[in-house]
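Engineer: model this:
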Amino acid sequence: MDAFFTSVEQADNPELRGKPVVIGQSLRGVASAASYEARQYGIRSAMPIVQAKKLCPHAVFLPGRMSRYREISGRIMEIIKDICPVVEQASVDEAYADISGTGRIFGPPENVAHRLKSEILDQTALTCSIGIAPNKFLAKIASDWNKPNGLTHIEPQNVSEFLKNLSLAKIPGVGAHFQEELKRMGVITIPNVLERPREFWIRTLGKRGAFLHDRAQGIDLSPVVPGSEPQSCSAENTLDKDTLDRILLERWLLTQAERVGRELRALGKKGLTVTLKIKFHDFTSITRNKTLSRPTDMTKEIFTAAKSLLAKEKFPQPVRLIGTGVSNFRLVQGELPLMPDEGRKRNQLLDQAMDRIRDKFGSKSIQRADIAAKETEGIQDLLSLKNRISDGQ
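Structural biologist: Here you go, the predicted model:
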């Protein structure tokens with residue numbers, strides 16, 4: 001998908017179309033996404049918001065709506081699966097499709113691509129870019145070749161010519177550190193890689209060397225694997241101000257437990273392991289895990305476990321970021337406790353009721369009292385201040 005998060009915002013709010021849009025508001029955070037209009041000012045994802053605002057002060061900075069992005073993503077994946085026989089979702093906005101053997105039904109691969117682009121545009125008002133190639137890694141490169149709304153086809157007989165002038169940075173899996181390591185060896189382009197035999201690369205870099213030599217020849221034997229599922233669910237927040245306030249941190253944990261629990265219930269997953277993540281003022285971070293006695297998708301149980309992990313930690317310095325996650329998923333057909341747990345049943349019903357309300361009226365339509373309390377305290381403080389001003393105090 002093309003600039004997926006910001007494109008969804010622009011599709012939902014026509015007033016944003018043509019304007020630079022950035023997902024991310026906190027001055028201490030980073031941009032999750034930037035529209036193509038924002039990219040013209042040099043803004044990129046993972047850029048600090050402070051820097052993005054300097055580059056483009058008039059950009060629209062939004063908090064982001066992950067539940068909405070997941071909803072649209074699900075719709076897009078269903079469109080792809082309806083047309084293509086084998087589909088592997090790679091991320092919320094990206095998928096691989098194996099269309100081998102569909103020529104008699106759909107005709108040339110470009111026909112499939114144009115149909116996908118048309119269906120996605122009609123049903124979501126969003127554009128996508130598609131790459132067609134003999135394997136996954138080349139298709140990935142091709143999909144980024146002519147964004148936005150692009151279509152690039154690398155035919156088998158043209159692979160060598162295509163790779164000849166390709167930067168190593170374009171190869172998925174060859175990151176900045178790997179590039180620096182290769183540069184010290186005098187390797188800057190793909191032809192530089194092929195100047196040495198495969199045996200040299202295996203002897204020098206092991207598995208990474210074999211991977212590099214394969215990609216330089218356009219080789220990728222990895223199949224498109226349908227039905228891959230998430231292995232964890234998590235949420236984290238960079239705080240507006242570093243803090244040692246444990247009550248505030250607990251409130252964040254509850255907010256995150258709400259998000260993680262809701263996502264687990266939507267996926268039909270339950271996990272055994274709850275993880276707490278903390279990043280301190282100096283950017284050092286720790287993670288702590290707790291294994292539960294039974295898998296859960298319940299907000300209260302996730303929060304209780306994360307809160308207990310937090311209580312055990314001593315803070316060497318103020319906390320900058322806090323996060324909660326659930327992993328170690330287990331298939332649960334049904335629960336048959338020896339003794340009925342009425343309290344747990346009530347909590348399950350509460351989660352389900354809140355999910356239904358949020359699905360219908362939006363994620364902010366209902367909150368637990370513990371979360372709302374802090375906001376209420378803030379409103380009461382403002383009202384008190386207003387009254388004191390009115391009384392001349």
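Engineer: neighbours around P191, how many?
Structural biologist: 13 (other Cβ atoms under 10 Å). Placement of C-beta: from N, CA and C, glycine included.
Engineer: Would you map the strands across this protein?
Structural biologist: 21-23, 33-34, 60-62, 86-91, 94-98, 130-132, 151-153, 232-243, 270-280, 285-296, 319-330 (DSSP state E).
Engineer: Make TSV from those strands and add distance to L264 to it.
Structural biologist: Output for the strands of the chain, formatted as TSV (distance: least, Cβ to Cβ, whole Å):
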stretch	distance to L264
strand 21-23	23
strand 33-34	24
strand 60-62	26
strand 86-91	18
strand 94-98	22
strand 130-132	32
strand 151-153	37
strand 232-243	5
strand 270-280	7
strand 285-296	8
strand 319-330	6
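Engineer: and the end-to-end length of stretch 77-97?
Structural biologist: 11 Å (Cα to Cα, to the nearest Å).
Engineer: quick one: buried residues of it?
Structural biologist: Neighbour-count burial for stretch 77-97 flags 79-80, 83-84, 86-89, 92-93, 95-97 (criterion: 16 or more other Cβ atoms under 10 Å).
Engineer: Same check on stretch 226-239?
Structural biologist: Neighbour counts over stretch 226-239 (16+ other Cβ under 10 Å) mark 226, 233-235, 237-239 as buried.
Engineer: same deal with stretch 124-138?
Structural biologist: Across stretch 124-138, burial judged by 16+ other Cβ under 10 Å covers 124, 126-133, 135-138.
Engineer: Equivalent analysis for stretch 148-163, please.
Structural biologist: Neighbour counts over stretch 148-163 (16+ other Cβ under 10 Å) mark 150-154, 159, 162-163 as buried.
Engineer: and stretch 233-246, average pLDDT?
Structural biologist: Averaging pLDDT along stretch 233-246 yields 88.
Engineer: any idea of the pLDDT on the spatially most central residue of the chain?
Structural biologist: Compute the mean C-alpha point of the chain, and by Cα atoms, centre = their mean the closest residue is V92, 6.4 Å away. Note for V92: predicted pLDDT of 88.
Engineer: Likewise for A31?
Structural biologist: 89.
Engineer: Also K374?
Structural biologist: Reading off the model, K374 has pLDDT 49.
Engineer: contacts for stretch 306-324?
Structural biologist: Residues outside stretch 306-324 that contact it (Cβ atoms under 8 Å, 6 or more residues apart in numbering): 28, 234-239, 242-244, 246, 249-250, 252-253, 256-257, 260, 274-283, 285-286, 288-290, 302-303.
Engineer: still on that earlier bit, weakest of the strands of the chain by average pLDDT?
Structural biologist: Among the strands of the chain, strand 232-243 carries the lowest mean pLDDT (a mean of 87).
Engineer: about what we covered before: out of the buried residues of stretch 226-239, who's nearest R346?
Structural biologist: Set against R346, the nearest of the buried residues of stretch 226-239 by Cβ to Cβ is C233 (23.0 Å).
Engineer: out of the buried residues of stretch 77-97, which one sits closest to K269?
Structural biologist: The closest of the buried residues of stretch 77-97 to K269 turns out to be Q89 (Cβ to Cβ; 15.4 Å).
Engineer: The closest one bridge partners, please.
Structural biologist: Counting by DSSP bridges, Q89 forms beta bridges with A95.
Engineer: Could you double-check that it lies in contact with E78?
Structural biologist: No - counting by Cβ atoms under 8 Å, Q89 sits too far from E78 to count as a contact (10.8 Å).
Engineer: measure the nearest residue to L239 once chain neighbours are set aside to T124 for me?
Structural biologist: The shortest distance from L239 to any non-neighbouring residue, by Cβ to Cβ, 6 or more residues apart in numbering, is to R320 (6.3 Å). The gap separating R320 from T124 is 36 Å, by Cβ to Cβ, to the nearest Å.
Engineer: for R70, same thing?
Structural biologist: Applying Cβ to Cβ, the value for R70 to T124 is 13 Å.
Engineer: and what of D245?
Structural biologist: 42 Å.
Engineer: R28 now?
Structural biologist: Between R28 and T124 the distance is 33 Å, computed by Cβ to Cβ.
Engineer: Over to A90?
Structural biologist: Counting by Cβ to Cβ - A90 and T124 are separated by 18 Å.
Engineer: now N192
Structural biologist: From N192 to T124 the distance is 42 Å (Cβ to Cβ).
Engineer: ok, now R39?
Structural biologist: Counting by Cβ to Cβ, the gap from R39 to T124 is 21 Å.
Engineer: Check P109 too.
Structural biologist: If you go by Cβ to Cβ, the gap between P109 and T124 works out to 22 Å.
Engineer: same deal with E9?
Structural biologist: 13 Å.
Engineer: cool, I302 as well?
Structural biologist: Applying Cβ to Cβ, the value for I302 to T124 is 32 Å.
Engineer: now K312
Structural biologist: Distance from K312 to T124, by Cβ to Cβ: 45 Å.
Engineer: Equivalent analysis for R104, please.
Structural biologist: Taking Cβ to Cβ, one finds R104 at 29 Å from T124.
Engineer: same question, V50
Structural biologist: From V50 to T124 the distance is 33 Å (Cβ to Cβ).
Engineer: now D12
Structural biologist: The value you get for D12 to T124, if Cβ to Cβ is used, is 10 Å.
Engineer: Also S32?
Structural biologist: Distance from S32 to T124, by Cβ to Cβ: 19 Å.
Engineer: do the same with Q51
Structural biologist: Counting by Cβ to Cβ, the gap from Q51 to T124 is 31 Å.
Engineer: Point out where the stretch 101-250 of the chain drops to low pLDDT.
Structural biologist: For the stretch 101-250 of the chain, residues meeting the criterion pLDDT under 70 lie at 228-229.
Engineer: hmm, 80 instead?
Structural biologist: For the stretch 101-250 of the chain, the stretches with pLDDT under 80 are 227-231, 240.
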